[in-house]
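**Student:** return a 3D structure for these sequence lines:
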Amino acid sequence: MAGTVAMMTIAVGFAIFAVAYCIDDKCAACNAVAEELEFGLSNEKPRNHLDMRHRLDSKGQRKGKIVSELRVVELLDGLCEKMQDYTLEKLDSTRQEWVKVDDWDNITTNKQEARAYSKDISSYCGRLLEETEDELSELIKKGSVKRGEVSKVLCQDLSKHCRMTRPSSHQVGDEDDEDNDDASNGEL
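**Tutor:** Model (predicted):
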């Protein structure tokens, strides 16, 4: 009896672990997360991101960092919860892409499966940010992450979930490689 309970506990633990790491195409998932972060950057209200906790200089001017920690927090806070609005859509028998769902009631595929995918990408987002948050935060603070470059910075440079596109792939004219080019340029 105790052996059966132990086996069931191990099986349930393995199933939970398998679901948490079931993102097959990490590059596509990373690009979807980058797209949502890109959206946050493009909708950012222009303001002076000064950290006013610093002292005055000899001329009476306040010295502060140009980009504050608050900006990073506002951009990254809730990002993974927003990823629950995404699901995996099958384009054909061999291709899938992550898409943002505007209305879950109007979804044409299996809703339960679509919701499971949304939880998968949200979990993936959490792991991705856990891996890259420190470096990503520093790059955002330095102003190195610009609109249109989020996917490259996050998915190629930091997480390495996407490889740089091979020059030969452009010559072949493969549609999948063209899609990856668009994604790496932030044009999803």
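**Student:** please make it C-alpha for all contacts and neighbour counts, starting now.
**Tutor:** OK.
**Student:** what's near enough to touch residue 119?
**Tutor:** residue 84 (CA atoms under 8 Å, 6 or more residues apart in numbering).
**Student:** regarding it, what is its secondary structure?
**Tutor:** helix (DSSP: H, G, I helix; E, B strand; the rest coil).
**Student:** stretch 31-42 - what's its average pLDDT?
**Tutor:** Across stretch 31-42, pLDDT averages out at 92.
**Student:** next one: stretch 77-92
**Tutor:** The average of the pLDDT scores along stretch 77-92 is 91.
**Student:** can you list contacts of it?
**Tutor:** With contact meaning CA under 8 Å, 6+ apart, stretch 77-92 is reached by 33, 36-37, 96-102, 114-115, 117-119, 121-123, 125-126.
**Student:** any of the residues you listed buried? List them.
**Tutor:** Buried members of the contacts of stretch 77-92, counted by 16 or more other CA atoms under 10 Å: 33, 36-37, 97-101, 114-115, 117-119, 121-123, 125-126.
**Student:** from those, which land in helices?
**Tutor:** 33, 36-37, 114-115, 117-119, 121-123, 125-126 (DSSP state H).
**Student:** possible to save the residues you listed as a markdown table with distance to residue 141?
**Tutor:** Below are these laid out as a markdown table (distance: CA to CA, whole Å):
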| residue | distance to residue 141 |
| --- | --- |
| 33 | 19 |
| 36 | 18 |
| 37 | 15 |
| 114 | 35 |
| 115 | 34 |
| 117 | 32 |
| 118 | 29 |
| 119 | 29 |
| 121 | 26 |
| 122 | 24 |
| 123 | 25 |
| 125 | 20 |
| 126 | 20 |
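**Student:** how about the strands in this protein?
**Tutor:** For the chain, strands defined by DSSP state E occupy the ranges 86-90, 96-100.
**Student:** in JSON lines, list these along with distance to residue 59.
**Tutor:** Output for the strands of the chain, formatted as JSON lines (distance: least, CA to CA, whole Å):
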{"stretch": "strand 86-90", "distance to residue 59": "51"}
{"stretch": "strand 96-100", "distance to residue 59": "51"}
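**Student:** for residue 41, which of those is the nearest?
**Tutor:** Nearest to residue 41 among the strands of the chain is strand 96-100; the distance by CA to CA comes to 17.1 Å.
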